[in-house]
Every structure is written in structure tokens, then in C-alpha cells.
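Peer 1: Attaching a predicted model along with its sequence, questions to come.
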Amino acid sequence: MSDLRDLYQQVIMDHNKNPRNFREIEDANHFAHGNNPLCGDKLVVYVKLDGNVITDVSFKGSGCAISMASASLMTESLKGKTLEEADAIYEQVHKTMTGETADRHLLGKLEVLSGVKEFPARVKCATLSWHTVHAAVDSDHDISVSTE
Amino acid sequence: MRAFDIEQIRADFPILHQQINGQPLVYLDNAASSQKPLQVIEAVDHYYRTDNANVHRGVHRLSQRATDAFEASRSTVRDYLNASSDREIVFVRGATEAINLVAQSFVRPMIVEGDEILISHLEHHANIVPWQMLCEQTGAQLKVIPMTDTGELDLTQIDELLNSRTKILSIGHVSNALGTVNPVKMLTEKARAKGIPVLIDGAQAVPHLQVDVQALDCDFYVFSGHKLFAPTGIGVLYGRQQLLEAMPPYQGGGDMILSVSFSGTIYNELPYKFEAGTPHIAGAIGLAAAIDYIQQFGMEVLAAHEHHLLDLATAKLQAMDGVRIIGTAKEKASVLSFMIDGVHPHDVGTIFDQQGVAIRTGHHCAQPVMEYFDIPATARASFAFYNSEQEVDALVAAIKKTQELFG
């Protein structure tokens, strides 16, 4: 059962139960819908971008523990970052989830997401919010992304 | 007849005897696809080793043997469904293709704008989308028999829903998401009394019930082989002969013709008119072997064991705190859909898998049913006759483990 504990670490369980930045941003200038039709994860990511800086980021929605915790952790890690910094973080998150060596310093708390690498069917749950935030900042209007 | 002995039966299914994540495999995803007994695997193997050739073509020996085996399989299916003629048994890829065939070849030529197609809220996407496509093509309207909180059909408006505009009633025999057994005989009677043709989607019923198409008196009955312990890629469309004869072909190609010239083509007779191209010969042979396997015991005997498991599992889950069963119809087959409080079904699926328990988690290709209960997905255990009481215990243990982890 050690693998299960790797996936469902305390941090994941905590962020699933008490997701951070789980709210709308009323004056968000970017947002996008994310959808994982296979398991029914659905979320909206809101971003307030000031020039190049993510001054606020939040999400709302429902889904499995992995998708909820990943979205919650994402909002915490991206707030205050520039778009370039956000890209660099996502690159490391993607690496750690697919079993590549990642920069632990850049990852910080996000390292808990590395547990999904043993569960290939769950990687898309963990990446949903990251794809969605990417779509949000890349677009001036509401768009939808799907991880299927 | 062979006596029912669960250990001997399990010995016939080689795939069941393996470890998943260090635990014995407990396969409870039979509603998605069933496992195959050695007798089916060996029939397919034997065909490829000794008889493989194209059918209905060559005069050489192998082609004759392949043709004989393929046509004998058709007779086995005809006999199993109690159809009146082999001509009424069309081999297709699966229930999905069969429904698309009926939608396009039978209903499309006779339906016009304002006409109606009647399905139910419980349908699998395969019995929704082909009709939506037909509605888009013709301007017809899709009507839906509503459902109740127990997951049964709400038939209070059925007499209005079956009306002079209704061009077909297409209804699932057993719900794949909830296990509800629908009153298809009564519905067929009602529809046909008004001259409305009836298609029954038996994909989820054929592995659990003895089906008699003449007793049901339906016009079409469809199912997929892979849910009936046979290979994937083979399925059956049963159609009333006079209807099939009047229908245009679904696909054009070889085998479905008597003669072809550039000035015109004469179509083959039934059932070949609907079997364009080289069919899944090995699949048909495997399907017949699966039916022979079932008939050693008799479907009633297998269904009784399976029903016992469903009752046992239902009682055990009902007694657990924090577990909610979705779909509590009076008459059910095989399927136990449930939710564990505070745990998303997708997490349930992963935790179960770590314990070797294979279940389906998701919307089960029945999103309208999920919407009705306002849930994104369920966890679904579905039984086959080769499952055991110990496996029901493993299901309960997996739920407890999940609750501990998320506790």
C-alpha cells in the first residue's frame, strides 16, 4: 500500500478537503474552463494578470482528490509569479509527474504531485488545472480545455 | 448438463488467476467487458490454426470449413435468441453498430420532420447518440421516458409518449449504469399495439437473462459479444425478417451483393445484405463457443448464482456507514453502483485497483443518468457468474480501506 500513501499524501488530502483560493475573482481578466470528461472533473480557473505578473489566481469546481489538490496547490504556487516563472514551475511539475528528474527547489511543496507518476491513469487529473491556467492566460476570452 | 461448481468454472477463465499489485485479481467490471473461458479462446485459436480463410467465396476446403463454422455460429445465435430463422441474425461489430444500422436503414427512410423517436432516460450513449444524429438529419424529435429516484422508468406518461408521431421505441433491456431491468415485454406490447416498431438494446441483458425474441415480440434486438464472454468486435442484430427484407443495405461492398455492374447492383439476400466486407469470422465462432459454454449449465443456473452475489453485496453495502447505493430498482441484474461519502469515484477506482479489485468508475456512458442524480460519476461493481462470495468480501474490504485512507 506504500504507493497509495505516495499518491494520497497528507498534503493532498488536506488540499482536497480544504482547497485554497477556492473562489471566483470578480475582476479577473482571464479565465478558462477545464474538463476531464472521463472522470467528470470540472473546474474554472480565474486569473488576475497585471502586466506580466499573476497578482491573483483562484479556481472553482469539483473533481477527484488529485485534481482538486493539484488545483489548490497550483493557485498557491503561482500567485505573485511572472508568466515566465509560472511556465518554469509548470515545466518542473510536468517532469515530476511523468517520472523525470525535476528541480526540487522550483517545485517546493508541489513535489507531492510526483506521486501520480506511479498511476498513469491519474496524470490527467493532476494536470487539468495546469492546462486550464495556461489556457486562461493565453486567451483574452473564456475558453475550454479538456484533458481527454 | 454440467453442474454448477464455482471453482471449476473459475478454472475455465485463465485471466482470473493472476495478482494485481500483489493481491489476487477480483474482476468486478463485467458490465464493461466480460472475461473469456478457455473454450472460447480455444475455439478462436483452433479456427486460426486450422480453418482460417475467407467465407462465402472460395471453393477450396479451408474456405468451406470457415464458411461452415461461421454459418453454424449464426445458427447457434438464432437458437439462443429463439429467432425463427438464421436470416434474422445479422453479424455486426457490436450493439452500437446494430443500433446505428437500424437508425439509418430502417427508421431514416420513413421518418420526417415532426416525427418522434422514443428512448428512455436510462439509456447508454449508444442508444442516444445514433438517434440524435438521425434527428439532426431529418428534423425528427427525440423523446425521453423519464426515470424515478430508484432508477426505474417513470411510465406515468407512457400512453402519451407512444403516439401517432412515434416512429420507433428504442429501449435498453437492462441499464448498464444502475442494473435496472426494464419491463420491455410490456413496453413492446404497448408500442406494437399502436403499430410502433421496437428495438431492444440487450447489451447488458444477454449476459444475465435468457432472451427469447419471439416471446418478447420485439422487432429488433441487439447485443455485443464481448459482454457475453466472447471476443470484442462481434455483435448481433436480430431483426424481424419482413422488416430486414424491406430495409436498404447499411454499407456497400463485397459479400452483400449478388451481382455488380456499372449499370447497377443486385443486393444479396438476408442476412448477407447487411454484412458488407469480410466479417469477423473468428469473433462469430468465439461467440458461438461462449453460448455453448453458457448452455452447458443453462442461463437460469448462472443467473441465479450471480443474483445471489448481487443480493449479498447489496445487503453488505447497505449495512455500511457512508456508502450510498445508486439505483435501487426492484428488479436488477448484475450491477451495483455506489458512492462513498467524501471520496470521488475516481479516487475509489485507484484505491480499489491497488487492492486488486477492478471496478468501473465514471459516468458509464450514461451521462443523463448521472445528471439525474446530480453526481459526476459512480463507482460500479458488476458481477458475472464466475465471481465468488469471497470476491464480494473483497469489495467490502476495499470500501473499508478507502474509508480509512480518506477518514
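Peer 2: Yep, it's here. Computed from a predicted structure; not experimentally measured. Residues are numbered from 1 along each chain as shown, chains lettered A, B, ... in the order given.
Peer 1: tell me the phi and psi of the residue of chain A found nearest chain B?
Peer 2: As assessed by Cβ to the nearest Cβ, chain B sits closest to A:G40 within chain A, at 2.9 Å. Every residue, glycine included, has its C-beta placed from N, CA and C. When read as degrees, to the nearest 10, the backbone of A:G40 gives phi 80, psi 20.
Peer 1: Distance check, the residue of chain B found nearest chain A against A:C39.
Peer 2: Closest residue of chain B to chain A, Cβ to the nearest Cβ: B:P376 (2.9 Å). As for B:P376, its distance to A:C39 is 7 Å (criterion: Cβ to Cβ, to the nearest Å).
Peer 1: Looking at those two, which is more packed in?
Peer 2: A:C39 (27 against 22; other Cβ atoms under 10 Å in any protein chain shown).
Peer 1: nearest residue to that one other than its sequence neighbours?
Peer 2: Of all residues not flanking A:C39 in the chain, B:H346 sits nearest, at 4.0 Å (Cβ to Cβ, 6 or more residues apart in numbering or on different chains).
Peer 1: wait, doesn't that neighbour sit right on A:K124?
Peer 2: No. Using Cβ atoms under 8 Å, B:H346 is not in contact with A:K124; the gap is 10.3 Å.
Peer 1: ok, and for the helix or strand of chain A with the lowest mean pLDDT, which residues are buried?
Peer 2: The weakest-scoring helix or strand in chain A, judged by mean pLDDT, DSSP states H and E, is strand A:143-146 (a mean of 75). Within strand A:143-146, the residues that count as buried by 16 or more other Cβ atoms under 10 Å in any protein chain shown are A:V145.
Peer 1: Quick check: closest non-adjacent residue to A:I66.
Peer 2: Once flanking residues are discounted, A:I66 sits nearest to A:C125: 4.2 Å by Cβ to Cβ, 6+ apart.
Peer 1: Can you tell me the SS state at B:I266?
Peer 2: Secondary structure, DSSP: H, G, I helix; E, B strand; the rest coil: B:I266 is strand.
Peer 1: Let me know the secondary structure of the residue lying closest to it once chain neighbours are set aside.
Peer 2: Nearest non-adjacent residue to B:I266, counting by Cβ to Cβ, 6+ apart: B:L258, 4.4 Å away. Following three-state DSSP, the label given to B:L258 is strand.
Peer 1: Please list all residues in contact with B:L258.
Peer 2: B:266-269 (Cβ atoms under 8 Å, 6 or more residues apart in numbering or on different chains).
Peer 1: same deal with B:R360?
Peer 2: So B:R360 contacts B:29, B:31-32, B:349, B:379-380, B:382 (Cβ under 8 Å, 6+ apart).
Peer 1: got TSV for those, with pLDDT and neighbour count too?
Peer 2: Output for the contacts of B:R360, formatted as TSV (pLDDT from 0 to 100; neighbours: other Cβ atoms under 10 Å in any protein chain shown):
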residue	pLDDT	neighbour count
B:D29	98	19
B:A31	97	29
B:A32	97	17
B:G349	95	25
B:A379	96	29
B:R380	97	27
B:S382	98	28
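Peer 1: Next step: those residues restricted to strands.
Peer 2: Judged by DSSP state E, the subset of the contacts of B:R360 located in strands is B:379-380, B:382.
Peer 1: Now distance to chain A too, for those residues, in TSV please.
Peer 2: Output for the ones in strands among the contacts of B:R360, formatted as TSV (distance: Cβ to the nearest Cβ, whole Å):
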residue	distance to chain A
B:A379	11
B:R380	13
B:S382	18
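Peer 1: does the residue of chain B closest to chain A really touch A:S67, like I thought?
Peer 2: No. Between B:P376 and A:S67 there is no contact under Cβ under 8 Å: 10.8 Å.
Peer 1: shared neighbours of those two, anything?
Peer 2: Residues touching both B:P376 and A:S67 (Cβ under 8 Å, 6+ apart): A:D41.
Peer 1: who touches residue 110 in this structure?
Peer 2: I'll assume chain A. By Cβ under 8 Å, 6+ apart, the contact list for A:L110 reads A:73-74, A:77, A:89, A:92-93, A:96.
Peer 1: hm, I was asking about chain B
Peer 2: Residues counted as contacts of B:M110 (Cβ under 8 Å, 6+ apart) are B:K167.
Peer 1: again, but for A:V44
Peer 2: A:24, A:31-34, A:59-61, A:132.
Peer 1: what about residue 87, how many neighbours?
Peer 2: Since you didn't name a chain, this refers to chain A. Other residues lying near A:D87 total 12 when counted by other Cβ under 10 Å.
Peer 1: that's the wrong chain, I wanted chain B
Peer 2: Using other Cβ under 10 Å, B:R87 has 18 neighbouring residues.
Peer 1: Grab the nearest non-local neighbour of it.
Peer 2: Using Cβ to Cβ, 6+ apart, the closest residue to B:R87 is B:L270 (4.0 Å).
Peer 1: how about the nearest residue to the residue of chain B closest to chain A, chain neighbours excluded?
Peer 2: A:G40 (2.9 Å).
Peer 1: quick one: which of the contacts of A:L110 has the most company?
Peer 2: With neighbours defined as other Cβ under 10 Å, the most crowded of the contacts of A:L110 is A:M74; it has 29 neighbours.
Peer 1: And the pLDDT at that one?
Peer 2: Reported pLDDT at A:M74 in the predicted model: 97.
Peer 1: what's the answer for A:S2, then?
Peer 2: At A:S2, pLDDT is 55.
Peer 1: what do you get for A:D140?
Peer 2: pLDDT at A:D140 comes out at 71.
Peer 1: how deep is the residue lying closest to it once chain neighbours are set aside tucked in, by neighbour count?
Peer 2: Spatially, and ignoring its direct neighbours in sequence, A:D140 is nearest to A:H30 (7.4 Å; Cβ to Cβ, 6+ apart). Neighbours of A:H30 under the rule other Cβ under 10 Å: 22.
Peer 1: Who are the contact partners of A:H30?
Peer 2: By Cβ under 8 Å, 6+ apart, the contact list for A:H30 reads A:46-49, A:136-137, A:139-140.
Peer 1: switch the cut-off to 7 Å
Peer 2: Neighbour list for A:H30: A:47, A:49, A:136-137, A:139 [criterion: Cβ atoms under 7 Å, 6 or more residues apart in numbering or on different chains].
Peer 1: Please tell me how far it sits from A:K42.
Peer 2: 18 Å.
Peer 1: Check B:F220 too.
Peer 2: Per Cβ to Cβ, B:F220 is found 36 Å from A:K42.
Peer 1: okay, these two: which has more neighbours?
Peer 2: Neighbours were counted for B:F220 and for A:K42 using other Cβ under 10 Å; B:F220 has more, 26 against 17.
Peer 1: Any idea what the closest residue to the more buried one other than its chain neighbours is bridged to?
Peer 2: Nearest non-adjacent residue to B:F220, counting by Cβ to Cβ, 6+ apart: B:L199, 4.1 Å away. Note on B:L199: beta-bridge partners by DSSP bridges are B:S170, B:F220.
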